[in-house]
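> Dropping the sequence and predicted coords here.
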Amino acid sequence: MNWWSTDETHDAQRTSWVKSAQGHRDFPIQNLPLGVFSPQQQGPRIGTAIGDAILDLTACAAEALFSSPALSSCLQRHSLNALMALPSAQRQLLRQHISRFLSDPQYRDDLTPHLYPQAECTMHLPAQIGDFTDFYVGLHHAENIGRQFRPDNPLLPNYKHIPIGYHGRASSVRASGVNVRRPSGQRKAPDQDLPRFEPSQRLDYELEMGVWISEGNALGQPISIADAAQHFAGLCLLNDWSARDFQAWEYQPLGPFLAKNFHSSVSPWVVTAEALAPYRIAQPPRPAGDPVPLPYLMDVDDQAHGGFAIQLSVYLLTDQMRQSGDAPALLSQGPASNMYWTVHQIITHHASNGCNLMAGDLLGTGTISAPDISGFGSLMELSNGGTSPYPLPNGESRSFLQDGDEVILRAQAAAPDRATIGFGECRATILSAL
Ligand code: CA
């Protein structure tokens, strides 16, 4: 089987005995994302989302429901790391098992005690993240930001040759729902002679996808682009909170530092590489005149199937909207196909010098923006660097985030004759600075 092949677990006609799964916005039986959760007053364990419920896979493994001893052992943990480290054939087997359990009514009586309402559970980070790296593959974001500084030449000369990235901070990645403290730091406004240490006044979000690494590679052993799929566990939503004022002052010559590492949020469910197979699409052709990727980044199958038919959305709920009972306002919406490099290309590039990736590592794609304002993935773009406050439906406007603002990221994967699957939410609220 190829990494983009589908099987009976993707069949749009397959239904679950868990009634809320049918037509569920995010979690029909065709999805089966993996995560770590705690039921009320109980410890963390591994589960899969099905409709409005979570199936406790750790409990299923303890009852020897899985035929594979390796799977059973990896499921009886508090994180997905061991599971992610398994070869892809084992992870495919897990998906087939779970899909059968949740579709075949003969399992209903045995499994019902292991189902919990999602609304009563706490979600955790899915893995212990060894390292977090953030890329910059959103072409239109790179152009939009570049244009604010270099109107005639927005992209730097390396952009179309090399996937740009930097090492982030794993310790401050949090699951959706954990509030974000407004950071203080050094900032120097253009009209000031000297920097000051004070709360950020240009706090922003960044709409990204998170790429979870499965099997690692040994130090000194690169990953070939043809093998990259074996190292890809799945996707989540990622909000790379950014203090634009700190960033402008600190980023030269070594790149982002304290402007980025105070907090990053991820959606708690890993939508697996196996679940995403039906939503694979060709990587959009490069515009005429763009360089062909160097051979180590070029693979015919990756170009033909390495993209994703995923729609991304950002919503904002301000304090005023919350108090009026308003729904969150849609800020932007756009496709993940606005990535200039594929997921396999950034995995391959990261390991190309022999750097060892590890199971549970997290790679950010970089902000994914569309060419026009309806799909801009940050306030820095929506407000044109803070010069044009972005109007909200209730009469408020935003140049940057205010205390009490809650940012909500959502995404869905869709394909003809396939069930639509979703990522759940990545949401967090800004708390005032200390
Ligand atoms: Ca970023």
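Arrived safely. Numbering: from 1, shown residues only.

> and Leu93, what is it in contact with?
By CB atoms under 8 Å, 6 or more residues apart in numbering, Leu93 lies in contact with Ser68, Leu71. From N, CA and C alone the C-beta is placed, and that goes for glycine too.

> give me the element it is part of.
Here Leu93 sits within helix 88-103, counting by DSSP states H and E.

> Could I get the average pLDDT for that helix?
Across helix 88-103, the average pLDDT comes to 96.

> For that helix, list every residue counted as buried.
Ser88, Arg91, Gln92, Leu93, Leu94, Arg95, His97, Ile98, Ser99, Phe101, Leu102, Ser103 (16 or more other CB atoms under 10 Å).

> Stretch 135-145 now?
Within stretch 135-145, the residues that count as buried by 16+ other CB under 10 Å are Phe135, Tyr136, Val137, Gly138, Leu139, His140, His141, Ala142, Glu143, Asn144, Ile145.

> So which of these are in helices?
The helices, defined by DSSP state H, take in Leu139, His140, His141, Ala142, Glu143, Asn144, Ile145 from these.

> Just give me how far the helix holding Leu93 sits from the chain centre.
How far helix 88-103 lies from its chain's middle: 22 Å, per CA atoms, centre = their mean, to the nearest Å.

> Quick check, the residue in the stretch 201-350 of the chain closest to the ion?
In the stretch 201-350 of the chain, the residue found nearest to the ion is Asp240; the distance is 3.6 Å by CB to the ion.

> quick one: which of the ones in helices among the buried residues of stretch 135-145 is nearest to Gly360?
For those, the closest approach to Gly360 (CB to CB) belongs to His141, at 26.4 Å.

> The closest one and Ser369 touch, don't they?
Yes. Between His141 and Ser369 there is a contact at 4.0 Å, judged by CB atoms under 8 Å.

> still on that earlier bit, pLDDT check: weakest of the ones in helices among the buried residues of stretch 135-145?
Ile145 (92).

> got the residues of the stretch 51-200 of the chain near the ion?
Proximity of the stretch 51-200 of the chain to the ion, by CB under 5 Å from the ion, involves residues Asp134.

> again, only this time at 8 Å
Applying CB under 8 Å from the ion, we find that the stretch 51-200 of the chain lies next to the ion at Asp134, Phe135, Tyr136.

> Distance of the second one relative to Tyr166?
Between Phe135 and Tyr166 the computed distance is 8 Å (CB to CB, to the nearest Å).

> do the same with the last one
Note on Tyr136: its distance to Tyr166, by CB to CB, is 8 Å.

> cool, the first one as well?
When distances are taken as CB to CB, Asp134 and Tyr166 turn out to be 6 Å apart.

> These two: which is more packed in?
Set Asp134 next to Tyr166 and count neighbours by other CB atoms under 10 Å: Asp134 wins out with 26 against 16.

> what about the closest residue in space to that one that isn't next to it in sequence, how many neighbours?
Using CB to CB, 6 or more residues apart in numbering and skipping residues adjacent in sequence, the residue nearest Asp134 is Gly364, 3.9 Å away. Neighbour count of Gly364, defined by other CB under 10 Å: 27.

> Same question for Glu425.
18.

> how would you label it: helix, strand or coil?
Three-state assignment for Glu425 (DSSP: H, G, I helix; E, B strand; the rest coil): strand.

> In contact with it, which residues?
Glu425 neighbours (CB under 8 Å, 6+ apart): Ser176, Leu237, Ser267, Ile408, Leu409, Arg410.

> returning to that earlier point: just the residues of the stretch 51-200 of the chain next to the ion now: which is nearest Gly185?
Taking CB to CB as the measure, Gly185 sits nearest to Asp134 out of those, at 18.1 Å.

> Sounds good, over and out.
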